[in-house]
Each structure stands twice: as structure tokens, then as C-alpha cells.
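Participant: sequence first, then the predicted structure, then my questions.
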Amino acid sequence: MKLYYAPGACSLAVHIALREVGATFDLVKVDLARHTTETGANFLDISPRGYVPLLELADQSRHTEGAALLQYVADLDPAQVLIGPPGSRRRLAVLQWLTFISTELHKGFSPWLWHKETADSTRQAVKTKLATRLAELDAVLSRSEFLAGDYSVADGYGFTIVNWSNLLGIPLTAYPHLQAWMARVAARPQVQAALRAEGLVS
Ligand SMILES: N[C@@H](CCC(=O)N[C@@H](CS)C(=O)NCC(=O)O)C(=O)O
């Protein structure tokens, strides 16, 4: 498998999951601004939508959409229960969190990160909405170590997105349980390995 990624982008969640399941994969770094890969290829030829994560499977088929990729990767090692068996309450809970993170958090943060021309009024509205989402996460994490009981692919995804608050200067001090969860996820060996491989920690 081959994961096309940009350091610290949402592709980090898939990167973490690949390491958690012990998959064999190569990383290909993408310059999202220039639409080029580290090997000099035009990324738009590989992925017409121009975004990461993109996962290339052994049969060379190419796939996008982080939340779907996380389900696929988690299912590579069902024994780890990073998502749970089809039809289980565990899977339903993880899928709910994946969808929540994708639609309520990821795409809330995105305009700030990737579109610098975003108007201040939009920025403020998004910030207000995000604050309610972060407060909800904080409340959930005051009752549970991870989002859906034990660690799941949703935690790696949530960690990846909430981590952007550092880049955007959104303090997490009002959310102590969320901060503790960020530290718990960050401390996982495979999360550290992924962060190191992307050059985000030394
Ligand atoms: N719908 C995609 C969106 C992925 C996405 O937003 N990727 C960002 C990085 S976090 C990106 O590559 N943006 C560059 C661009 O859209 O040109 C998903 O959920 O995986």
C-alpha cells in the first residue's frame, strides 16, 4: 500500500491507523500548494481532487475520503477492534464519531487552514461553532478515556484534527478532558512513530 500524505494534514489519521494495524506501506509526501509529490509527479494526475489522504492498494487502485479509509484500514486487523465487527454497537459508535469528526470538526477547521482569504466574519462564526463541538468532546471525555470506549480509529482522527488548534492559536485550556485525551493519544507508540515519520516531532 502507498499513502499519499502531507505532514500534519488529515492524512495523519490514516497514517496512524496503518501503523496501529501493523500494515506494510510506503509514504509519499505531497506538496498541496504546488500539487506535486516528493518524486516530482503532478499530484493532480494521481488524484484529480488534489487532496490527501489518498491510499493506493496493492492492486494499484486509488482511494480517498479519510473516514472511509479509516474503516478499511481498521478492518485489516479485526482482532485489534479499532472499529468493531459489522452490526456491533462498537462499530456504530466508532462510525458515529468518524462522521462527527469529518463533518463537524474537520470541515470546520479546514477553511481556516487551507483558504487564507476566508472572511473574518466567517472565521468568527466557525470559531463559535467549533467551541461548542470542543466543549461537547470535553464532556464526553470526562466520562470515558476514549471516544467510543477503548481506543479506536476515531481517536486517531480526532487527535489529528484537534491538533490543528495549535496551528490556529485556539487554546484548549477550557477543555481539560480534551487536553488529557490529546496527551493520551499522543503517547501511543504508533502515534509517536507517525508524528516522527512526518517530521512533526523529533
Ligand atoms: N473529503 C476529503 C477531504 C480531505 C481534505 O480536506 N484534505 C486536505 C488536507 S487535511 C487537503 O488535502 N487539502 C488540499 C486541497 O483540498 O487542495 C476527506 O474527508 O478525506
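Facilitator: Perfect, thanks for sending it.
Participant: and stretch 163-178, how far out from the chain middle?
Facilitator: Relative to its chain's centre, stretch 163-178 lies at 16 Å (Cα atoms, centre = their mean, to the nearest Å).
Participant: host element of the residue located most distally from the centre of the chain?
Facilitator: Distance to the chain centre peaks in the chain at Ser121, reaching 26.5 Å (criterion: Cα atoms, centre = their mean). Applying DSSP states H and E as the criterion places Ser121 in helix 120-143.
Participant: which residues are contacting that helix?
Facilitator: Applying Cβ atoms under 8 Å, 6 or more residues apart in numbering, the contact partners of helix 120-143 are 104-105, 108-109, 111-112, 147, 158, 162, 165, 170, 172, 174-178, 180-181. (C-beta placed from N, C-alpha, C; glycine too.)
Participant: same check, this time on stretch 164-183
Facilitator: 8, 109, 112-113, 127, 130, 134-135, 137-139, 141-142, 145-146, 155, 158-159, 162-163.
Participant: 7 Å instead, please
Facilitator: Contacts to stretch 164-183, defined as Cβ atoms under 7 Å, 6 or more residues apart in numbering, come from residues 109, 112-113, 134-135, 137-138, 141-142, 159, 162.
Participant: show the end-to-end separation of it, please.
Facilitator: 14 Å (Cα to Cα, to the nearest Å).
Participant: do that stretch and the ligand meet?
Facilitator: No - counting by Cβ under 6 Å from any ligand atom, the ligand is not contacted by stretch 164-183; separation bottoms out at 8.6 Å.
Participant: correct me, but Leu44 touches Leu54?
Facilitator: No - the pair Leu44 / Leu54 is not scored as a contact, 11.4 Å apart, by Cβ atoms under 7 Å.
Participant: those two: who's more crowded?
Facilitator: Leu54 (24 against 11; other Cβ atoms under 10 Å).
Participant: mind checking the SS state of the nearest residue to that one once chain neighbours are set aside?
Facilitator: With Cβ to Cβ, 6 or more residues apart in numbering as the criterion, Leu54 has its nearest non-adjacent residue at 4.1 Å, and that residue is Tyr4. Secondary structure state of Tyr4, per DSSP: H, G, I helix; E, B strand; the rest coil, is strand.
Participant: next one: the one 5 residues further on
Facilitator: The three-state assignment at Ala9 reads coil, by three-state DSSP.
Participant: skipping adjacent residues, who's closest to it in space?
Facilitator: Sequence neighbours aside, Val52 is the residue nearest to Ala9 in space, at 5.6 Å (criterion: Cβ to Cβ, 6+ apart).
Participant: same thing with Tyr51?
Facilitator: Nearest residue to Tyr51 in three dimensions, chain neighbours excluded: Thr64, at 6.9 Å (Cβ to Cβ, 6+ apart).
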